[in-house]
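[1] Return atomic coordinates for the entry below.
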Amino acid sequence: MKGTPLLLLSTLICASAMADNSLTVVSYGGNLTNAQIQAAHKPFSAATGTHVISEDYSGGIAQIKTQVDSKHVTWDVVDAELPNVIRACNSGLLERIDPATLAPAPDGTPAAKDFLPGALTDCGVANYVWSTVVAFNTKAFKGEQPKTLADFFDIKHFPGKRAMRKAPQVNLEWALMADGVPRDQVYATLSTEAGVDRAFAKLDTIKKDVIWWEAGAQAPQLLADGEVSMISGYSGRIVIAQRKEQQPFKIVWDGQVYDMDAWTVPVGNPKKDQAMAFLKFATQSSVLADQSNYIAYGPTRISSQALVDPKVRPDLPTSPENFATALQLDSVWWGDHSDELNERFNAWLAR
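    Residues are numbered from 1 along each chain as shown. Just a heads-up that it's a prediction; the model follows:
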């Protein structure tokens, strides 16, 4: 980042002086956490003197719930997927966040008008747009190469193991789209018992060829090691493998499912003021833009887009050519259906 943002500096310094001079910020590890460290953690520490401790987790709300229920909250700020933010917020596990307290855009536009649609929730402020995409190792396909989402499910023409996230989100959407359901009808279809049955039936066609991953770093590693020929993976991690490790990977942007992750603050946090100060700092336009320079996830503020390095923009899930067939994950829908579908997915895996 070119210089430390000065906005809110006095507030941040006051907040950091109020309690123990450290803050535990939890995210998913790997390249994502590194991007957050470089763009947000280090500048925040430099601005406030607060020592930011990074911890990794694999998502979900179970650990947050355990801490809140036991009244022993040790995670100050948590990066969470929007469906989980909604669930945790509805369960009273997260602090409410007033958009009016967030930094305006550089031109003075209020934050509420500067964030992308859906980026601001009652208990979360989205800090990046991420996407789950199909990717393959070009060494595995010397002739015809996969070009569409349907090719991921076509073991006959594109043989080899697949790696998929061990969760129903995205997998069910992909199964329906690969089976011919139009993007704008995916969630209406999934809202019916027949639609859910159809999605699991499509997943059945490749189940025996799937290796399941839980941590985001596992997917590109499985691809690099040759254990699988195609993966579902986070676009940012795949781009980094292409750039920094010169891995012969290629992304299939067709049918990408994008969403946003949000910074949240667990209820009962003794460092609530410091946590909120970090959240406000880390969601400034310049910080979000700089974060995209370290990992190819899109910033969540309109004013951040032009601040991203032009060389990075073509690799973002939100670039026009990549976005043409994208589906936005319906976080509200998943907030209403995640419990039942997680249960069914786990039962399906066990069969």
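[2] Can you pull the phi and psi angles for the residue lying farthest from the centre of the chain?
    Ranked by distance from the centre of the chain (Cα atoms, centre = their mean), the top residue is residue 143, with 32.9 Å. Residue 143 has phi and psi values of phi -100, psi -120 when expressed as degrees, to the nearest 10.
[3] Okay, and residue 259 sits in which element?
    Secondary structure assigned from DSSP states H and E places residue 259 in strand 249-264.
[4] Provide the strand pairings for that strand, with the direction of each partner.
    Here strand 249-264 has these sheet partners by DSSP bridges: strand 77-81 (antiparallel), strand 125-137 (antiparallel), strand 327-328 (parallel).
[5] Tell me which of those lies nearest to residue 170.
    strand 125-137 (4.7 Å; Cβ to Cβ). The C-beta positions use only the backbone N, C-alpha and C, and glycine is treated the same way.
[6] contacting residues around residue 164?
    Applying Cβ atoms under 8 Å, 6 or more residues apart in numbering, one finds that residue 164 lies in contact with 171, 210, 211, 212, 213, 231, 232.
[7] Same question for it, what's its three-state structure.
    Classification of residue 164 by DSSP: H, G, I helix; E, B strand; the rest coil places it in strand.
[8] quick one: pLDDT of it?
    Note on residue 164: pLDDT of 99.
[9] go on, residue 123?
    98.
[10] Residue 71 too?
    On pLDDT, residue 71 comes in at 97.
[11] Need phi/psi at it.
    For residue 71, the backbone dihedrals (degrees, to the nearest 10) come out as phi 60, psi 40.
[12] please renumber so the chain begins at 253
    That works, and once the first residue is 253, the last one we named lands at residue 323.
[13] Next, work out how far apart the residue lying closest to it once chain neighbours are set aside and residue 317 are.
    Counting by Cβ to Cβ, 6 or more residues apart in numbering, the nearest residue to residue 323 once its immediate chain neighbours are dropped is residue 520, at 5.9 Å. To residue 317, residue 520 is 11 Å away according to Cβ to Cβ, to the nearest Å.
[14] before we move on, what about residue 581?
    Applying Cβ to Cβ, the value for residue 581 to residue 317 is 22 Å.
[15] what about the two, which has more around it?
    residue 581 (22 against 16; other Cβ atoms under 10 Å).
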